[in-house]
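*Asks:* Need a 3D model of the sequence below.
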Amino acid sequence: MILLLSEDGDKITDIVVDWLNYYKSDFLVLKSKNLYNSIPTNIKVSDKLEINDFFSNINIAWCRRWSIDNYENINKDIKVNIISELNHFSSIFFESLKNIEWINHPNFTKIKKIDQLLIAKKSGLNIPDTIITNNRIELQDFCNNKGRIITKPIESSSEIIFDNDLYVSYTNRLDDTIIKKLPEYFAPSLFQEEVNKEFEIRVFYFNEMIYSMAIFSQLDSKTLIDHKKYNKEKPNRKVAYNIPKFLRRSIVKFMKKSNLQTGVIDIVKSKNGKFYFLEVNPVGQFNDISINCNYNLEKIIAEYLIEKDEKKNRVN
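*Replies:* Take a look at the predicted model:
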């Protein structure tokens, strides 16, 4: 049986499930809320962890997404306690399934951005010069040395809902005018040299296979710094792109060092001809790559899961 870990509203999961249904495969979609309200789960703790028969036929699992935060309108301390308990239970649950094959084990889907940059550098990938500082003078020196700099969250971008409005953090450019208005000390923040980009590349990586798409975001002032500031009236041009072999090798090396079998990688090709790694999102959305480039990635994933499941069943 195939196990898909996901969350409500994930379109990619829905499309993969459509393909699994089309091929009449045996699968289970599991969301965190199912672990405490609809699926029988029992783990015997002895010299090892033994999970109940409901999960005993699982051969391969794909951690598409996994999060525990389904509680609203309750005491904050109670919420923190419940989430902590369920996170610990999740870890035990995943450990009980350690003998199956995983496509992105949940333990490795939250790799820190700074760790990504360090691993990328060791894997032969270029990264923008980066600092984290809380000091205006250091920031001013960095800006003077690099000419143009940007700032982005130290960790992942966040979405905040306030008064029924959605606020999203984006990558933004900084200049002397902004820097001079900062206090001498401020909240520790991440800053990078701004890469003079020719175009952006989004890569979907799946078990050493690479599917990439060029995004000509630099042609629109709205998306020049961050292509996620989508221009819905005049979308960026997006086309299939074949990355060079040396970059492919470095990406494979990076993903293996990161213990990731799949993920969406953001890369910038600069006007000086170099490729710069920005970040990887192990659970990122890739339907735009699939659709714009006619890769049909959801079908590829479904067929891979089915092949591995059937192979394991033949061995058993």
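*Asks:* helix/strand/coil for Leu190?
*Replies:* strand (DSSP: H, G, I helix; E, B strand; the rest coil).
*Asks:* these two touch, right, it and Ile150?
*Replies:* No: counting by Cβ atoms under 8 Å, Leu190 does not reach Ile150; the two are 9.3 Å apart. Just so you know, the C-beta spots here come from the backbone N, C-alpha and C atoms, and that holds for glycine as well.
*Asks:* Number of residues surrounding Glu200?
*Replies:* Glu200 has 24 neighbours, counted by other Cβ atoms under 10 Å.
*Asks:* next structured bit after the host helix or strand of it?
*Replies:* Assigned by DSSP states H and E, Glu200 belongs to strand 197-206. Sequence-wise, the next helix or strand downstream of strand 197-206 (DSSP H and E) is strand 209-215.
*Asks:* What strands line up against that following strand, and which way round?
*Replies:* strand 197-206 (antiparallel), strand 238-240 (antiparallel) (DSSP bridges).
*Asks:* avg pLDDT for the last one?
*Replies:* So the one you mean is strand 238-240. For strand 238-240, the mean per-residue pLDDT is 92.
*Asks:* Numbering from 782 from now on, please.
*Replies:* Sure, I'll start numbering at 782, so the last one becomes strand 1019-1021.
*Asks:* next one: that strand to chain centre, how far?
*Replies:* Here the centre of strand 1019-1021 is set off from its chain's centre by 20 Å, with Cα atoms, centre = their mean, to the nearest Å.
*Asks:* Pull the residues that contact that strand.
*Replies:* Ser993, Met994, Ala995, Ile996, Phe997, Asp1069, Asn1073, Cys1074, Asn1075, Tyr1076 (Cβ atoms under 8 Å, 6 or more residues apart in numbering).
*Asks:* And stretch 818-834, end to end?
*Replies:* 18 Å (Cα to Cα, to the nearest Å).
*Asks:* in that stretch, what's buried?
*Replies:* Thr822, Ile832 (16 or more other Cβ atoms under 10 Å).
*Asks:* Please apply the same query to stretch 919-926.
*Replies:* Applying 16+ other Cβ under 10 Å to stretch 919-926 flags Leu920, Phe923, Cys924 as buried.
*Asks:* Contacts for the strand holding Glu981, please.
*Replies:* 991-999, 1008, 1022, 1024, 1032-1033, 1036, 1041-1052, 1056, 1061, 1067, 1069-1071, 1076, 1078, 1081-1082, 1085.
*Asks:* Of these, keep whichever come out buried.
*Replies:* Buried by 16+ other Cβ under 10 Å: 991-999, 1008, 1022, 1024, 1032-1033, 1036, 1041-1050, 1056, 1061, 1067, 1070-1071, 1076, 1078, 1081-1082, 1085, out of the contacts of strand 978-987.
*Asks:* then the strand holding Glu981 to CSV, C-alphas only?
*Replies:* Extracted in CSV, the C-alpha atoms of strand 978-987 (Å, rounded to 0.1, in the frame of the first residue of the first chain):
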residue,chain,number,x,y,z
LYS,A,978,19.7,38.2,-12.8
GLU,A,979,19.2,37.2,-16.4
PHE,A,980,16.2,35.0,-15.4
GLU,A,981,15.1,32.8,-12.5
ILE,A,982,14.9,29.0,-12.6
ARG,A,983,12.5,26.8,-10.6
VAL,A,984,13.6,23.2,-10.4
PHE,A,985,11.5,20.2,-9.3
TYR,A,986,13.8,17.5,-8.1
PHE,A,987,12.5,13.9,-7.8
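*Asks:* quick one: average confidence on it?
*Replies:* Rounded mean pLDDT across strand 978-987 is 94.
*Asks:* quick one, domains of the chain?
*Replies:* Under the assignment automatic domain parsing, the domains of the chain span 783-887+1081-1096, 910-974, 978-1063.
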